[in-house]
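Peer 1: Sequence and computational prediction follow.
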Amino acid sequence: MDDLQQQVQEALDELVESETERGLQAAVYQHGEEVVDAIAGIADPETGRPIASDTPFYAYSVGKGAASAVAHVLVERGLFGYDTPVVELWPEFGAHGKGSATVRHVRTHIVCVPGIPDDTTPEDLCDWDGMCAAIADSEPWWEPGTKTAYHAYPFGYIVGEIVRRATGKPISQVLKEDVAGPLGVADELYFGVPESELGRLAQLEDMEGSAEFLASMPDDAPFFKLGPRAVTPMAEFGNRKDILMADIPAGGKTSARATARMYAALMDEVNGVRLISPERLREISAAAFSGVDHIMGNPVTWALGYSIGRLGSDAQRTPTVFGMGGVGGSFAYADTATGVAFALTKNRLTADFSTAQQISGIVTEAVGD
């Protein structure tokens, strides 16, 4: 696998030298062993601070994979089940006829409250109790379990509040104690970053023209149904101190190697730590719901908290791959067929996943399908 490390490193270096990317990390585990830890570029253009292997990136929805892992660990321990009604843990969530919603519905984005209030501000996102109250009081968009739409922000708050009600602890604490800490990456995998660690993060930057493109979109565009313009995940938003420090588990601040290590520990032992049983792995990684996204109109296949399918492929062709991507182009996944866990994080926010697809393609070719 030394050759794979070299191939990935050379590809990252070329992406930076060509100015396609500013700074990025790629990490690969196979059967619980690290085989790639590659970095390239700059974390902060103003200071010239280089990327390090432990540099956390705000990788946006890549963090949903960590929120899912926390929930699966708690299911494994018997604190709740996938078919537990949300109201058993969080009674207020049943308002306006949402009482039939289950944890499984939440995990597959079919729970019925994909949006947040139109007047939500970044400051609101940092108010845990306020956001959970607003989501609990939301009118359902459909009967729970009947349609799917990506719950961009609500997913994190709902999972996080289920975790808090079940454990009495904020999800960031459970992440540290039960996932990141045991795996030795508590200083690389966060929801809310401690103020003392903010200086370690990579600074995000927007792809040229993206701000102008966003400004040209009408307020009633489907994209803004996921979250209003004020909380759109652009670089300025993602570099805010309050956003970086807040528990917003719809996204995560993480290094590539921390997230790859987490996915690896869902499949295999990593230095003696395995997060869930093989039986649980089979359950969480199998396709649980397929349909057409009610907001964006694209076909989707969801496992329990993860999308199914490798980058550049689809769920039918690569059903053993489960993971999550984030706005801006970061991506992470696990492949139960090959035992590979992969993560790529980057700080230039692009409109697609072409970089992640390129690097994951090198990995796939090296390890086989």
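Peer 2: The structure has been received and is ready for your questions. Here the structure is a predicted model, which is why all the values come from computation and not from measurement. Numbers count the residues shown, from 1 in each chain.

Peer 1: If we go by neighbour counts, what in the biggest strand by length in the chain is buried?
Peer 2: Using DSSP state E, we find that the single longest strand of the chain is strand 33-44. By neighbour count on 16 or more other Cβ atoms under 10 Å, the buried set for strand 33-44 is Glu34, Val35, Val36, Asp37, Ala38, Ile39, Ala40, Gly41, Ile42, Ala43, Asp44. The way it works is simple: take the backbone N, C-alpha and C, and place the C-beta from them, glycine included.

Peer 1: okay, and for the stretch 151-300 of the chain, where does confidence drop off?
Peer 2: 211 (pLDDT under 70).

Peer 1: Can you verify Phe322 is assigned to a helix?
Peer 2: No. Counting by DSSP: H, G, I helix; E, B strand; the rest coil, Phe322 is not found in a helix; it is strand.

Peer 1: do you know how far the residue nearest in space to the middle of the chain is from Lys98?
Peer 2: By Cα atoms, centre = their mean, the mean C-alpha position of the chain lies nearest to Val62, the distance being 2.3 Å. From Val62 across to Lys98, the span is 28 Å (Cβ to Cβ, to the nearest Å).

Peer 1: re the thing from before, and the longest strand of the chain, which strands flank it?
Peer 2: Using DSSP bridges, the strands paired with strand 33-44 are strand 23-30 (antiparallel), strand 49-50 (antiparallel).

Peer 1: Show the average pLDDT along the longest one.
Peer 2: Predicted confidence along strand 23-30 averages 98 (mean pLDDT).

Peer 1: and it, how far from the chain's centre?
Peer 2: 15 Å (Cα atoms, centre = their mean, to the nearest Å).

Peer 1: before we move on, what about stretch 348-368?
Peer 2: Counting by Cα atoms, centre = their mean, stretch 348-368 is centred 17 Å from the centre of its parent chain.

Peer 1: try stretch 206-218
Peer 2: 23 Å.

Peer 1: Could you list the buried residues of that stretch?
Peer 2: Neighbour-count burial for stretch 206-218 [16+ other Cβ under 10 Å]: Asp206, Met207, Ser210.

Peer 1: Backbone dihedrals for the second one, both of them.
Peer 2: Note on Met207: its backbone torsions stand at phi -60, psi 140 [degrees, to the nearest 10].

Peer 1: Now for it: which residues touch it?
Peer 2: Arg348, Leu349, Thr350, Ala351 (Cβ atoms under 8 Å, 6 or more residues apart in numbering).

Peer 1: Counting neighbours, which of the residues you listed comes out on top?
Peer 2: Arg348 (24 neighbours; other Cβ atoms under 10 Å).
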